[in-house]
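**Student:** Sharing a model that was predicted from the sequence below.
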Amino acid sequence: MRAMEPAPPPLPLPFRTLKPWLRERFGRAVYRVALDAGSTCPNRDGTKGLGGCTYCDVEGSGTGALKAGDGLDDQLREGLKRVARRRRRGSERAVEPGVIAYLQSYTNTYVDEGRFAEVLDVFRPHLASAGGPLVAVAVATRPDCLPDSSLRALEDLAQETDVWLELGLESASDKVLFDINRLHTLDEFQDATARARQAGLVTVGHAILGLPGDGQEGARNTARALRQAGVDGVKVHHLMVLKKTQMAHQWRQGELAVQTAEEYVEWLADFVERLGPEQILHRITGDSPEEKLLAPIWTVPKNEIRERLAAELARRGSCQGSVED
């Protein structure tokens with residue numbers, strides 16, 4: 001029997017994704033551990049508003065682990081154990097995976113200086129520079145909640161490990177940001193990004209396509225804003241309506257439309273074309289536990305969104321960063 005010819009290598013994607021970048025930067029597989037430090041937000045506690053972002057659930061788009069009684073140190077240790085199990089069993093030569101500790105829930109720099117220092121100190125014994133598995137610490141926050149004290153603390157930590165500051169922009173439209181109760185501005189995002197980059201932090205901007213009132217041109221504008229800000233990475237996903245949110249009521253009343261997978265891919269292609277060619281796409285779609293999600297209900301797997309995006313860009317004869325307008 002004639003031996004089968006090897007399959008041709010896959011064609012390179014017309015956009016930059018996170019996994020190859022992590023492998024190149026750290027020389028090994030890297031996994032993320034999501035953590036909850038018990039923060040809140042200024043649009044939840046009455047400082048700016050109440051109720052939080054209209055799309056955000058009661059757990060602040062995070063794990064809710066701290067409210068369940070799991071301290072931050074316990075969460076981290078348990079997460080590190082889970083990642084360690086991924087190491088190939090029975091192979092002494094297997095490289096230990098790297099870990100990114102991700103402070104995900106709520107606004108993590110919206111705490112007093114002493115509390116923020118305590119949170120960051122939890123990570124130090126586990127850093128790769130101290131012989132541990134942590135290769136980076138990622139901190140999610142709002143662009144209007146970055147006091148100099150927090151920035152200095154992150155800058156100090158960046159002397160020991162990579163520090164990613166994940167800033168939620170979501171939309172480049174101040175009106176849309178007001179309507180969804182985010183209550184910050186594009187200018188505040190640009191300012192926070194510039195200060196973080198000056199402090200030597202890796203910056204990651206977040207965007208949501210399909211927010212009410214934003215439209216397809218809004219998606220393009222948000223990509224332009226992220227390119228102008230010069231963030232190192234971008235996380236983008238479609239609008240998802242979760243059960244315990246203000247948007248759930250709007251959706252049930254028929255006041256809110258959501259995208260089909262086909263519409264999202266078209267808008268996503270517009271978005272990716274207008275990013276900078278050097279920016280890393282950390283995420284191009286989102287998901288939610290089935291018990292939390294109201295809409296949209298897609299039958300399209302996440303990996304297929306990536307394949308459809310690549311096909312759409314190929315159809316257009318374009319790629320990430322090819323459109324400057």
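**Tutor:** Structure received. Fair warning: this is a prediction, and the values are worked out from it, not measured in the lab.
**Student:** and the closest residue to Ala140 other than its chain neighbours, how many neighbours?
**Tutor:** Spatially, and ignoring its direct neighbours in sequence, Ala140 is nearest to Glu166 (4.3 Å; Cβ to Cβ, 6 or more residues apart in numbering). In this view, the C-beta of every residue, glycine as well, is placed from N, C-alpha and C. Glu166 sits with 21 neighbouring residues when counted by other Cβ atoms under 10 Å.
**Student:** Might you list the low-confidence residue ranges for the stretch 1-150 of the chain?
**Tutor:** Counting by pLDDT under 70, the ranges of the stretch 1-150 of the chain that qualify are 1-11, 59-69, 88-94.
**Student:** ranges for the strands of it?
**Tutor:** Taking DSSP state E, counting those that start in this stretch as the criterion, the stretch 1-150 of the chain contains strands spanning 30-35, 98-103, 134-141.
**Student:** hmm, back to that, sheet partners, orientation included, of the one helix or strand the residue nearest to Ala140 maps to?
**Tutor:** Assigned by DSSP states H and E, Glu166 belongs to strand 162-170. Taking DSSP bridges as the criterion, strand 162-170 pairs within the sheet with strand 134-141 (parallel), strand 202-209 (parallel).
**Student:** Pull that strand out as CSV, backbone CA atoms only.
**Tutor:** Taking C-alpha atoms only, strand 162-170 is exported to CSV below (Å, rounded to 0.1, in the frame of the first residue of the first chain):
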residue,chain,number,x,y,z
ASP,A,162,5.0,40.8,32.6
VAL,A,163,2.0,42.9,33.7
TRP,A,164,-1.0,43.2,31.4
LEU,A,165,-3.5,46.0,32.0
GLU,A,166,-6.8,45.1,30.5
LEU,A,167,-8.9,48.2,29.8
GLY,A,168,-12.6,48.0,28.9
LEU,A,169,-13.4,50.4,26.1
GLU,A,170,-16.3,48.4,24.5
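**Student:** Now do the SS call for the residue nearest the centre of the chain.
**Tutor:** What sits nearest the mean C-alpha location of the chain, by Cα atoms, centre = their mean, is Lys235, with 4.5 Å. Secondary structure state of Lys235, per DSSP: H, G, I helix; E, B strand; the rest coil, is strand.
**Student:** How about Gly286?
**Tutor:** Relying on three-state DSSP, one would call Gly286 coil.
**Student:** try Leu226
**Tutor:** helix.
**Student:** Need the pLDDT of His282.
**Tutor:** On pLDDT, His282 comes in at 98.
**Student:** how close does it sit to Arg16?
**Tutor:** Remark: distance between His282 and Arg16 (Cβ to Cβ, to the nearest Å) = 10 Å.
**Student:** So Ala311 belongs to a helix, correct?
**Tutor:** Yes: secondary structure of Ala311 (three-state DSSP): part of a helix.
**Student:** Count residues in the vicinity of it, would you?
**Tutor:** By other Cβ under 10 Å, the residues close to Ala311 number 13.
**Student:** And for Ile297?
**Tutor:** Ile297: 8 neighbours (other Cβ under 10 Å).
**Student:** Kindly report the same for Leu281.
**Tutor:** Counted with other Cβ under 10 Å, Leu281 comes out at 22.
**Student:** Could you look up the SS state of it?
**Tutor:** Quick answer, by three-state DSSP: Leu281 is strand.
**Student:** Please name the bridge partners of it.
**Tutor:** Here Leu281 shows beta-bridge partners Thr17, Val234, assigned using DSSP bridges.
**Student:** how close does it sit to Trp251?
**Tutor:** Taken as Cβ to Cβ, the span from Leu281 to Trp251 is 28 Å.
**Student:** What distance do you get for Thr203 to Val300?
**Tutor:** Counting by Cβ to Cβ - Thr203 and Val300 are separated by 30 Å.
**Student:** which one of those two has more residues nearby?
**Tutor:** Per other Cβ under 10 Å, whichever of Thr203 and Val300 has more neighbours is Thr203, with 24 against 16.
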